[in-house]
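Asker: turn this into a model:
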Amino acid sequence: MMERLSASPLFKTVGLALGLVLVAAGLFASMAFGLSTIGLSDIYRAATKYDAASNAQIIVHTARMPRAFTAAAIGACLAVAGALIQGLTRNPLADPSLLGINYGASCLIVFAVTRLSISSLPALTAVSFAGAAIAAIAVYMLGAIGRDGLTPLKIILAGAALSALFSSFTQGMLVLNEQGLSEMMFWLTGSVAGRSLEMLQAVLPVMAAGMIGALWIARHMNVLTMGEHTAQGLGQRTALIKIFAGIIVVALAGSSVAVAGPVGFIGLIVPTLVRPFTGSDYRWIVPYSAVAGALLLLSADIAGRFLIRPEELPVGIMTAIIGTPAFIAIARKGLAQK
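Answerer: Numbering: from 1, shown residues only. The predicted structure is shown next:
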């Protein structure tokens, strides 16, 4: 019954509209709940008729509103990046974090901050893209070594090895720079707290371009996931599609890491959650992943404010708490099907 419903365009459209409503509710909840609860009237006035004399509106305008929109944008980008990576590798366990892309971007950012004293966000954004690209290329090259070429298992192993390598380099640089350690540690856990709208606006054009590119390439991903030889037989330039998809993934993951640090597991969990509703059609998987990713990261950020009150858990820790059992469940399901 579920498969029959998921095949209906009307069902998918209604589901996507419902998801957007839930994201809007999540944005309001993110702005309302925290150490102090703020009413909807103050949230509305902070967005439309900001009064700098109101403490509640100051909190919303300067802290919670940027945090909410940053969480939604990053959740959407990481989820779509994960969906594309899983399509490229035909591996449900692939995501920007597990393949080392997030860690590569983080490593290069830490190097730029601690060794080159770079603090400009546009410059750090460019550094983040470079680190993500280096990691992606390295994983692809390592995964392609051997007679059987690129396989899902080899990609995961190469990603795990490079993630450990980049993490070691990052920790080594921070150990040698105590001031850098105190400045970077909270960012390295993955957090949307303390981010400003200006930080989000700096990377928003790249995020938007990545999203548009993902929607454009979705129909080509449908052909590519049929298999290399089948796609080529249908006239697809598979190498070109893979390059474009890789650029889109680097743009989405790199811009997210530049703002929030290495937030993991979103790209792993979300595509798996949406496939029962979308089927294998990437024209639906991409928008559904964007909506579900935004909702998941908003929910994780809100939950992190209450678990150890009055302190907060960074959203990167919350996604790890959610994502680790999900990773085990997906892995067990994959092994059971073999």
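Asker: secondary structure element for residue 320?
Answerer: helix 315-336 (DSSP states H and E).
Asker: need the residues that contact that helix.
Answerer: Helix 315-336 has contacts (CB atoms under 8 Å, 6 or more residues apart in numbering) with 71, 92-93, 189-193, 260-266, 268-269, 272, 296-297, 300-301, 303-304. C-beta here means a position set from N, CA and C on the backbone, and glycine is covered the same way.
Asker: run through the strands of the chain in chain order.
Answerer: Shown for the chain, no strands are assigned by DSSP state E.
Asker: where in it is pLDDT low?
Answerer: 1-7, 147-152, 178-183, 186-187, 331, 334-338 (pLDDT under 70).
Asker: what's the burial count for the residue nearest to residue 154 when sequence neighbours are not counted?
Answerer: Ranked by CB to CB, 6 or more residues apart in numbering and with sequence neighbours excluded, the top spatial neighbour of residue 154 is residue 143, at 4.5 Å. Using other CB atoms under 10 Å, residue 143 has 21 other residues around it.
Asker: just the one 10 residues further on next, same as before
Answerer: Neighbour count for residue 153, taken as other CB under 10 Å: 11.
Asker: also residue 174?
Answerer: 20.
Asker: so who does residue 83 touch?
Answerer: 214, 267, 270, 271, 282, 285, 286, 289.
Asker: regarding the protein, what is its longest helix?
Answerer: helix 197-224 (DSSP state H).
Asker: how about that helix: buried residues?
Answerer: Buried residues in helix 197-224, counted by 16 or more other CB atoms under 10 Å: 199-200, 202-203, 206-207, 210-211, 213-215, 217-218, 220-224.
Asker: which elements pack onto that helix?
Answerer: Under the contact definition 3 or more CB pairs under 8 Å, 6 or more residues apart in numbering; DSSP states H and E, helix 197-224 sits against helix 65-89, helix 121-143, helix 228-233, helix 238-260, helix 282-304.
Asker: just want the angle from that helix to helix 65-89.
Answerer: 20 degrees (axes from the mean of the first three to the mean of the last three CA atoms, to 10 degrees).
Asker: run the angle between helix 197-224 and helix 282-304 for me.
Answerer: 140 degrees.
Asker: what distance do you get for residue 204 to residue 257?
Answerer: 15 Å (CB to CB, to the nearest Å).
Asker: my bad, residue 97
Answerer: Applying CB to CB to residue 97 and residue 257 gives a distance of 10 Å.
Asker: joint contacts of the two?
Answerer: residue 263.
Asker: who has more neighbours, those two?
Answerer: A side-by-side neighbour count of residue 97 and residue 257, using other CB under 10 Å, places residue 257 first with 34 against 28.
Asker: spit out the contact partners of the nearest residue to the more buried one once chain neighbours are set aside.
Answerer: Residue nearest to residue 257 in three dimensions, not counting chain neighbours: residue 105, with 4.0 Å by CB to CB, 6+ apart. Each residue near residue 105 by CB under 8 Å, 6+ apart is listed here: 127, 128, 129, 131, 132, 135, 253, 254, 257, 258, 262.
Asker: with residue 62 instead?
Answerer: residue 196.
Asker: try 10 Å
Answerer: 46, 50, 52, 196, 197 (CB atoms under 10 Å, 6 or more residues apart in numbering).
Asker: out of those residues, which comes closest to residue 164?
Answerer: If you rank those by distance to residue 164 using CB to CB, residue 196 comes first, at 32.7 Å.
Asker: looking at it, the closest one is touching residue 70, isn't it?
Answerer: Yes. Shown here, residue 196 and residue 70 form a contact pair, counting by CB atoms under 10 Å, at 8.7 Å.
Asker: need the residue closest to the centroid of this structure.
Answerer: residue 78 (1.7 Å; CA atoms, centre = their mean).
Asker: what's the local residue count around residue 176?
Answerer: 11.
Asker: repeat that for residue 120.
Answerer: Counted with other CB under 10 Å, residue 120 comes out at 11.
Asker: then residue 116?
Answerer: Around residue 116 there are 10 residues (other CB under 10 Å).
Asker: what residues are up against it?
Answerer: 123, 127.
Asker: distance of it relative to residue 252?
Answerer: Residue 116 is 25 Å from residue 252, where distance means CB to CB.
Asker: what sits closest to residue 167 if chain neighbours are left out?
Answerer: residue 103 (5.7 Å).
Asker: hang on, residue 159 packs against residue 103?
Answerer: Yes. Contact criterion CB under 10 Å: residue 159 and residue 103 qualify, at 9.1 Å.
Asker: give me the common contacts of these two.
Answerer: 96, 97, 135.
Asker: roughly how far apart are the first one and residue 311?
Answerer: The gap separating residue 96 from residue 311 is 28 Å, by CB to CB.
Asker: residue 281 and residue 207, how far apart?
Answerer: 23 Å.
Asker: ok, residue 99 next?
Answerer: For residue 99, the distance to residue 207 - CB to CB - is 20 Å.
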